[in-house]
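# Any chance you can model this:
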Amino acid sequence: MKNFKKIITYLTVCSLVLLSILSFSTVKSKALGSGEEKDKLWFSNFEKVVSIPVSEKGIEYVSDMTGTGGPDAFDVKGDKVYVVDNAHHRLLIYNRISGEYIEEVKLPESIIWASDISVDEKGNLYLLGGSYNGNCLVTITSGKIRISSLPDTQKRGSCITISGFGSDENGPYVVYADLKETRTLKFGNGTDKTNNLDAGKPESATVVEEKKGSLARDKAIWKLNIQGMKRLGGQVITPDGEVVTVAFPSQYQLGTNGYMGTIGNIVYWKLEDGKSYAIVGYDKKTGEIDRAIKIPLDVYSVIPEKGFLIEGNDVYVLIPSQENVYVLKVASWQSADEFMKEIEKNDSIPVNSSEKLNEQTKSQVSIDGDIVVATSVVTVPRSQMISTAQNYQWHQWYCSKVNYDGSNLSASNPILAKTSLYN
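Below is the predicted model:
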């Protein structure tokens with residue numbers, strides 16, 4: 001009898017344990033399902049061009065503040081897609097039509113990381129890189145590699161940053177910005193030259209032309225309308241001299257916004273509100289929003305330096321995630337009404353008092369013709385915070401490894417270089 005009771009008790013306990021496991025699995029499946037539904041919602045607007053598995057041999061991503069191991073930039077030119085893989089110190093090239101892998105190009109060992117890439121119509125590769133000697137320009141063409149040093153952004157204590165990079169038929173260009181102005185320096189292509197990659201500081205890149213403003217991929221000049229901490233809108237001067245002025249929705253006036261390019265009668269801008277990116281198309285004639293698409297920030301494992309571009313008549317996006325690194329093409333758009341209703345709906349969601357406080361910004365108020373700055377708490381978008389942290393971490397690492405103890409570590413393994421920051 002006692003044995004019988006023990007058996008009954010044992011079976012009851014086993015049943016309860018099994019029931020708990022099944023219940024947990026069901027809850028977990030529902031949670032995963034809800035996330036998958038969310039992914040499908042935004043992913044349905046895109047067409048997959050390239051999918052690179054995240055692995056030791058494929059590509060890597062990072063989700064820490066240093067941000068130097070992930071795919072920071074990409075480019076699309078002709079029938080090829082180029083993705084910068086800093087973790088493996090290389091450039092990956094894929095077929096744009098089939099998505100198939102073509103080849104890899106190893107980066108020079110003296111380059112610690114590459115933050116941007118541009119490919120011209122002839123297939124010449126230009127990389128914006130970082131080395132122990134500062135920012136540099138890498139030119140790769142027909143098996144020839146040339147490294148040139150770029151103008152120092154730290155001269156005379158001025159706050160100068162590189163805010164843009166690209167190339168055209170005449171060679172590469174770099175956009176420099178400070179608190180007063182933005183200017184574009186164009187450099188000779190240097191495709192017929194090589195230099196000693198193991199030498200100390202490389203020769204300076206030759207400036208062949210300087211322009212005011214930010215030069216874009218389509219040769220337009222653009223600028224932001226900034227008042228206080230807000231980016232109220234932007235202006236584009238097309239290569240034909242046409243001026244297009246647009247206004248950003250209030251929800252996107254604190255983000256790292258930038259002009260992407262023009263397709264037909266639509267002018268595209270990349271906007272950010274701290275919770276999502278939006279690619280917004282404005283009618284060139286009216287300056288009003290014609291179409292848009294949103295990408296939530298939580299789909300990214302790391303935010304690329306250059307993750308949006310226009311090539312031909314298509315808009316492309318680089319999406320690094322924990323399982324795959326995607327290059328996607330926009331396949332469908334929201335209408336202007338759908339887009340505005342969605343962002344207004346998101347704004348209507350109740351927030352706690354601290355979040356409301358952080359949504360306040362510096363504003364400029366005109367009183368009797370004088371500009372008065374009203375000071376309050378400012379929310380800085382996540383991408384801007386990460387970018388600032390990246391710059392600080394690299395500055396700290398660079399100073400400690402080169403200026404401080406005088407060492408000159410090999411850059412052949414950027415992962416070791418990154419982790420040496422914590423040694």
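
# start to end distance for stretch 101-110?
Using Cα to Cα, to the nearest Å, the end-to-end distance of stretch 101-110 comes out at 26 Å.

# Likewise for stretch 58-74?
End to end - Cα to Cα - stretch 58-74 spans 16 Å.

# Just the mean pLDDT for it, thanks.
The pLDDT scores in stretch 58-74 average 64.

# Repeat that for stretch 123-139.
90.

# can you tell me the distance between the two ends of it?
Across its full length, stretch 123-139 reaches 11 Å end to end, with Cα to Cα as the criterion.

# what comes up buried for that stretch?
124-132, 135-139 (16 or more other Cβ atoms under 10 Å). C-beta coordinates here come from the backbone N, C-alpha and C atoms, glycine included.

# I343 in helix, strand or coil?
helix (DSSP: H, G, I helix; E, B strand; the rest coil).

# pretty sure it is touching F248, no?
No: using Cβ atoms under 8 Å, I343 makes no contact with F248, being 11.1 Å away.

# Which one's more surrounded, those two?
F248 (24 against 19; other Cβ atoms under 10 Å).

# wouldn't the more buried one be in contact with E272 here?
No: under the criterion of Cβ under 8 Å, F248 is not in contact with E272, lying 10.1 Å apart.

# Now do the shared contacts for these two.
Counting by Cβ atoms under 8 Å, 6 or more residues apart in numbering, the residues touching both F248 and E272 are N257.

# Export the buried residues of stretch 123-139 to a markdown table and append columns for secondary structure and distance to S214.
As requested, these are arranged in a markdown table below (DSSP: H, G, I helix; E, B strand; the rest coil; distance: Cβ to Cβ, whole Å):
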| residue | secondary structure | distance to S214 |
| --- | --- | --- |
| N124 | coil | 22 |
| L125 | strand | 22 |
| Y126 | strand | 17 |
| L127 | strand | 20 |
| L128 | strand | 15 |
| G129 | strand | 21 |
| G130 | strand | 21 |
| S131 | strand | 25 |
| Y132 | coil | 28 |
| N135 | strand | 17 |
| C136 | strand | 21 |
| L137 | strand | 18 |
| V138 | strand | 22 |
| T139 | strand | 22 |
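
# Looking at those residues, spot the one nearest I293.
Nearest to I293 among the buried residues of stretch 123-139 is L128, at 27.1 Å by Cβ to Cβ.

# can you pull up the bridge partners for the closest one?
Beta-bridge pairing of L128 under DSSP bridges involves D116, L137.

# can you tell me which residues contact it?
So L128 contacts 114-117, 135, 137-138, 162, 165, 174 (Cβ under 8 Å, 6+ apart).

# Can I get the buried part of those as one ChimeraX selection?
This is how ChimeraX selects the buried members of the contacts of L128, with burial counted by 16+ other Cβ under 10 Å:
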select :114,115,116,117,135,137,138,162,165,174
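
# what about the closest residue to D283 other than its chain neighbours, which helix or strand?
The shortest distance from D283 to any non-neighbouring residue, by Cβ to Cβ, 6 or more residues apart in numbering, is to D290 (4.6 Å). Per DSSP states H and E, D290 falls inside strand 289-296.

# With only the CA atoms kept, save the helix or strand following that strand in PDB.
Following strand 289-296 in sequence order, the next helix or strand is strand 308-311 (DSSP H and E). Taking C-alpha atoms only, strand 308-311 is exported to PDB below (Å, rounded to 0.1, in the frame of the first residue of the first chain):
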ATOM      1  CA  PHE A 308      21.400  54.200 -46.100                       C
ATOM      2  CA  LEU A 309      22.100  55.100 -49.700                       C
ATOM      3  CA  ILE A 310      20.500  55.500 -53.200                       C
ATOM      4  CA  GLU A 311      21.900  53.900 -56.300                       C
END
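
# contact partners of strand 308-311?
74-77, 217-218, 260-263, 268, 270, 277, 279, 315-318.

# Tell me where the stretch 201-350 of the chain has helices.
Under the criterion DSSP state H, counting those that start in this stretch, helices of the stretch 201-350 of the chain are mapped to 336-347.

# Any regions of it where pLDDT drops low?
Counting by pLDDT under 70, the stretch 201-350 of the chain has low-confidence residues at 201, 301, 347-350.

# ok so, going back, quickly name whichever of the buried residues of stretch 123-139 is closest to V81.
L125 (13.0 Å).

# mind checking how far the residue lying closest to N265 once chain neighbours are set aside is from V267?
In space, and not counting its chain neighbours, N265 is closest to K284: 4.9 Å by Cβ to Cβ, 6+ apart. Applying Cβ to Cβ, to the nearest Å, the value for K284 to V267 is 5 Å.

# Can you name the residues that contact E305?
Contacts of E305 by Cβ under 8 Å, 6+ apart are 72-73, 115-116, 387.

# Any chance of TSV for these, columns distance to E242?
Below are these laid out as TSV (distance: Cβ to Cβ, whole Å):
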residue	distance to E242
D72	33
A73	29
S115	31
D116	27
S387	32
